[in-house]
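[1] test case, fold it:
(chains A and B)
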Amino acid sequence: MLVSYLTLGYPNREQFLTLLKGLVDAGSDVLEIGPPPKYAKYDGPVIRRSFKQVSSQGYDMWALLREARDAVSVPIVILTYLEEWIPTLEDFLIKLKDIGINGVLFPDLLIDFIDEYEEYVEAVRTHGLKSVIFTSPSVPDPLIQRASKLSDMFLYYGVRPTTGIAIPITVESLITRVRTLVENKLVVGFGLSDVEDMRRALKAGADGVAIGTAYIEEIERGGVKSAIALARKFRGVLDGS
Amino acid sequence: MEFQEDLVPKYWYNIIPDLPKPLPPPRDPPDSEFSRIELLKRIMPKEVLRQQFTVERFVSIPEKVREAYINIGRPTPLLRARRLEEMLRTPARIYFKFEGATPTGSHKINTAIPQAYFSMEEGVNHLVTETGAGQWGTAVALASRMYGLESSIFMVRVSYEQKPQRRTIMQLYGAKVYSSPTSLTEYGKKLTSQNPDHPGSLGIAMSEAIEYAMTNGYKYLVGSVLDVVVLHQSVIGLETINQLRNLDEEPDVLIGCVGGGSNFGGFVFPFIGAQKGTKYIAVGSFEVPKFSRGTYNYDFPDSAGLLPLIKMITLGKDYVPPPIYSGGLRYHGAAPSLSMLIKEGIVKWREYNEREIFEAAQTFLQAQGIVPAPESSHAIKAVIDEAREARVKNEKKVIVFNLSGHGLLDLPNYESMMKRMS
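    Numbers count the residues shown, from 1 in each chain, chains lettered A, B, ... in the order given. Coordinates of the predicted model:
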């Protein structure tokens, strides 16, 4: 399973839509879209740069999300921090459902809202949306098991503490450990950005990978086309070539 | 037959997978111009950084590091404080792990050795760190020497002037010791231009050390607070578990003092992991009231804000501690894992004032003959209180504490306390 991440509106409105379609054509099974947050708590410098660029352009988030939804048919999951939406959560979820977004993924759910996370999962589902749960290596075993059962579509496992910074880790042992706990589909991401890391993750039992930072770096280097080509390469690795 | 060295563990213990909740990850602040997490990658030895983020419960101690542990005298003794028990007329049995028996006189060497070893393995030739009271700087100076590496130690100016013996030991080991703030870094220059007689602080020395390592391509060693340091210090608790087993003792109460939390975590966490003991007490200073007054929040571990934010019990990075004699307990925060265990009620805390700890230190040294470091005397005060309670309730419980360092280089402090307290 290839899960591709895009920052909403990056690098600009037009090219964002080109990238979106291109990533689907290249074989993405699910798209994650991240609107620029007020505080990119767990995002590394690359994704933060993309947020900064988009924020300076000032798009209407909802109009652009609607365009994105209309442009492709694969499931779209919104990746955003729960903290930011708590005051208007109900309204937020209704709007997402109304547009036709499939689900949400809150990276801070199990970290900053650990004592009430199940209530939020329930709230998301009540509004007809899928709730994809984000876990990380520091989540204790019993909680990974519980979250895995609760998570819709797949369980997201972020192997590094921040997106896109290659903190040295042992990918295999991190994944082997959760594989034994997770019956759900397991998608690994958050700092998994080269093909070697990706091969190791798949070999250790991941069902899919989530890619974000690598696309943005590629766009910075060679534009949207080059990022789409990278997605094809990742698809190839997933398909075993 | 079991040899002493068999008591030294082959693995360090990591409490992260055994915590009741996910440990909040380090973060960059909202409007950061650069990534502090990226910075860690540039300043820390690679293997140390990998261990900082590992979630494996047991991490193998390289054979050469284990040999170095044995070479400096590990296992350190686990002693029974019989005379103290008699003086307190308590039915409790009191044991202490004596980390003051290492060559540098404190537990700090337990993490300096592996950090220097991994640096050497990675081809690094120069290590940099900061030191306040001097224990950490001494440990880094020795560990660097053991692996043939250069070391530069930024020592807080007041300590540099008031603790010349500590400075001398570091220099004897071959370290370059600088009185911080220095003119070697931009940060130091800025401060000394504002105030040539700046007394310095641990946060300033830390910021200078990081800047100096960065600009020169050296590696920075971290002495407390971070998970990797607590991991290395677990050698204390793991040895103690083995030693108690040989004595056929089951511990009830485990006690340690808390500066940044590494000696406490290193001593107590292996017991928590092995589900041994029923009560864990972290002791801080009344004058630096992080447990009673601190908040559980994301904060910088260093006062210049160069390192990533970590979630911990903290008095705030700009907190200015009073000039108490337990230099090691003046730090504004506590390790994230320990902070969580305190918030969850698994570890209890106490805070004692300087007068109380001075009396406790005197009671202990008159009973056992060992001059404790003022920091460790906080743990002793809690031990005495527990032993007295055991007397009142007539409980034969087993109290074990970590004597994290000796106080033979703190004698000027004791002398000054004697004058003030008499």
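[2] how about the nearest residue to B:Ser106, chain neighbours excluded?
    Counting by Cβ to Cβ, 6 or more residues apart in numbering or on different chains, B:Ser106 lies nearest to B:Gly405, which is 3.2 Å off, once chain neighbours are set aside. Glycine gets a C-beta too; all of them are placed from N, C-alpha and C.
[3] what about that neighbour, distance to chain A?
    Counting by Cβ to the nearest Cβ, to the nearest Å, the gap from B:Gly405 to chain A is 31 Å.
[4] tell me how far that residue lies from B:Thr76.
    11 Å (Cβ to Cβ, to the nearest Å).
[5] overlap in contacts of those two?
    B:Glu99 (Cβ atoms under 8 Å, 6 or more residues apart in numbering or on different chains).
[6] name the residue in these two with the higher neighbour count.
    The residue with more neighbours, out of B:Gly405 and B:Thr76, is B:Gly405; 28 against 25, by other Cβ atoms under 10 Å in any protein chain shown.
[7] just the pLDDT for the more buried one.
    Model confidence at B:Gly405, given as pLDDT, is 97.
[8] isn't it right up against B:Glu99?
    Yes. Between B:Gly405 and B:Glu99 there is a contact at 6.1 Å, judged by Cβ atoms under 8 Å.
[9] tell me the contacts of residue 57?
    Using chain A here. So A:Gln57 contacts A:9, A:12-13 (Cβ under 8 Å, 6+ apart).
[10] I was after chain B.
    B:13-14, B:17-18, B:273.
[11] how much space between it and B:Glu344?
    19 Å.
[12] swap in A:Ala147?
    A:Ala147 is 19 Å from B:Glu344, by Cβ to Cβ.
[13] ok, A:Tyr59 next?
    Counting by Cβ to Cβ, the gap from A:Tyr59 to B:Glu344 is 43 Å.
[14] the more surrounded of the two?
    Neighbours were tallied for A:Tyr59 and for B:Glu344 using other Cβ under 10 Å; the higher tally belongs to A:Tyr59 (18 against 11).
[15] got a pLDDT number for the residue nearest to A:Asp29 when sequence neighbours are not counted?
    Spatially, and ignoring its direct neighbours in sequence, A:Asp29 is nearest to A:Met1 (4.8 Å; Cβ to Cβ, 6+ apart). With respect to pLDDT, A:Met1 scores 95.
[16] what about A:Met1, how many neighbours?
    16.
[17] which residues does it contact?
    Neighbours of A:Met1 in contact, by Cβ under 8 Å, 6+ apart: A:29-30, A:154, A:185, A:187, A:207-209, A:238.
[18] also B:Pro374?
    Shown in contact with B:Pro374 (Cβ under 8 Å, 6+ apart): B:324-327, B:357-358, B:361, B:407, B:410, B:413-414.
[19] give the contact list for the residue lying closest to it once chain neighbours are set aside.
    Counting by Cβ to Cβ, 6+ apart, B:Pro374 lies nearest to B:Ser326, which is 4.2 Å off, once chain neighbours are set aside. B:Ser326 makes contacts with B:257, B:259, B:285, B:354, B:357, B:373-375, B:377-378, as judged by Cβ under 8 Å, 6+ apart.
[20] what about 10 Å?
    B:133, B:257, B:259, B:284-285, B:287-288, B:354, B:357, B:373-378, B:407, B:410, B:413 (Cβ atoms under 10 Å, 6 or more residues apart in numbering or on different chains).
[21] is B:Tyr218 in contact with B:Val140, as I believe?
    No. In this structure B:Tyr218 lies outside contact range of B:Val140 using Cβ atoms under 10 Å: 12.0 Å.
[22] could you list the low-pLDDT ranges of chain A?
    Under the criterion pLDDT under 70, the flagged ranges of chain A are A:161-167, A:192-193, A:241.
[23] tell me where it has helices.
    Using DSSP state H, the helices of chain A run over A:13-25, A:45-57, A:61-71, A:82-85, A:89-99, A:109-112, A:117-126, A:141-150, A:171-179, A:195-203, A:213-238.
[24] what about the first one, distance to the chain center?
    When you say that, I think you mean helix A:13-25. 16 Å (Cα atoms, centre = their mean, to the nearest Å).
[25] helix A:61-71 and that one, what's the angle between them?
    Angular relation of helix A:13-25 and helix A:61-71 on a 0 to 180 degree scale: 40 degrees, by axes from the mean of the first three to the mean of the last three Cα atoms, to 10 degrees.
[26] check contacts around B:Lys219.
    Taking Cβ under 10 Å, 6+ apart, one finds B:42-46, B:48, B:115-116, B:118-119, B:122, B:124-129, B:149, B:213 in contact with B:Lys219.
[27] residue numbers of the stretch 1-150 of chain B in contact with chain A?
    Proximity of the stretch 1-150 of chain B to chain A, by Cβ under 10 Å from any Cβ of the partner chain, involves residues B:16-41, B:44, B:46-57.
[28] kindly report the same for the stretch 151-300 of chain B.
    So the stretch 151-300 of chain B meets chain A at B:227, B:298 (Cβ under 10 Å from any Cβ).
[29] and the strands in the stretch 151-300 of chain B?
    All strands of the stretch 151-300 of chain B, identified by DSSP state E, counting those that start in this stretch, fall at B:176-180, B:219-220, B:253-257, B:279-285, B:295-299.
[30] of the ones you listed, flag the one that's most buried.
    strand B:253-257 (a mean of 29; mean count of other Cβ atoms under 10 Å in any protein chain shown).
[31] strand partners (parallel or antiparallel) of that one?
    strand B:279-285 (parallel), strand B:398-403 (parallel) (DSSP bridges).
[32] from the chain's centroid, how far away is the last one?
    Centroid separation between strand B:398-403 and its chain, computed with Cα atoms, centre = their mean, is 16 Å.
[33] now the element after that strand, going C-ward?
    From strand B:398-403 onward toward the C-terminus, using DSSP states H and E, the following helix or strand is helix B:411-421.
[34] quick check: buried residues in that next one?
    Neighbour counts using 16 or more other Cβ atoms under 10 Å in any protein chain shown place B:413-414, B:417 of helix B:411-421 among the buried residues.
[35] then stretch A:73-89?
    So, applying 16+ other Cβ under 10 Å, buried residues of stretch A:73-89: A:75-85.
[36] what does stretch B:269-280 give?
    Quick answer for stretch B:269-280 (16+ other Cβ under 10 Å): B:269-273, B:276-277, B:280.
[37] now do it: distance from first to last residue.
    9 Å (Cα to Cα, to the nearest Å).
[38] roughly how far is it from the heart of the chain?
    Using Cα atoms, centre = their mean, the distance between the centre of stretch B:269-280 and that of its chain works out at 19 Å.
[39] do stretch B:223-240 as well
    Worked out by Cα atoms, centre = their mean, stretch B:223-240 lies 9 Å from the chain centre.
[40] give me the low-pLDDT residue ranges for chain B?
    B:1-2.
[41] and it, what are its domain boundaries?
    B:2-63+B:108-220, B:74-106+B:234-421 (automatic domain parsing).
[42] pretty sure B:Asp112 contacts B:Met146?
    One thing to correct before we go on: residue B:112 is Ala, not Asp. Yes. Look at B:Ala112 against B:Met146 with Cβ under 10 Å: they come within range, at 9.0 Å.
[43] and these two? Which one has more around it.
    Shown here are B:Ala112 and B:Met146; by other Cβ under 10 Å, B:Ala112 has more neighbours (28 against 18).
[44] now do the same contact list for the residue nearest to B:Ser106.
    Contacts of B:Gly405 (Cβ under 10 Å, 6+ apart): B:98-102, B:104-108, B:133, B:135, B:257, B:263, B:328, B:372-376.
[45] tell me the residue of the stretch 51-200 of chain B that sits nearest chain A?
    Of all residues in the stretch 51-200 of chain B, B:Val55 sits closest to chain A, at 4.0 Å by Cβ to the nearest Cβ.
[46] quick one, what contacts the residue lying closest to that residue once chain neighbours are set aside?
    Spatially, and ignoring its direct neighbours in sequence, B:Val55 is nearest to A:Pro137 (4.0 Å; Cβ to Cβ, 6+ apart). By Cβ under 10 Å, 6+ apart, the contact list for A:Pro137 reads A:144, A:157-161, A:169, A:173-175, A:177-178, A:190, B:16-17, B:22-23, B:25, B:53-56.
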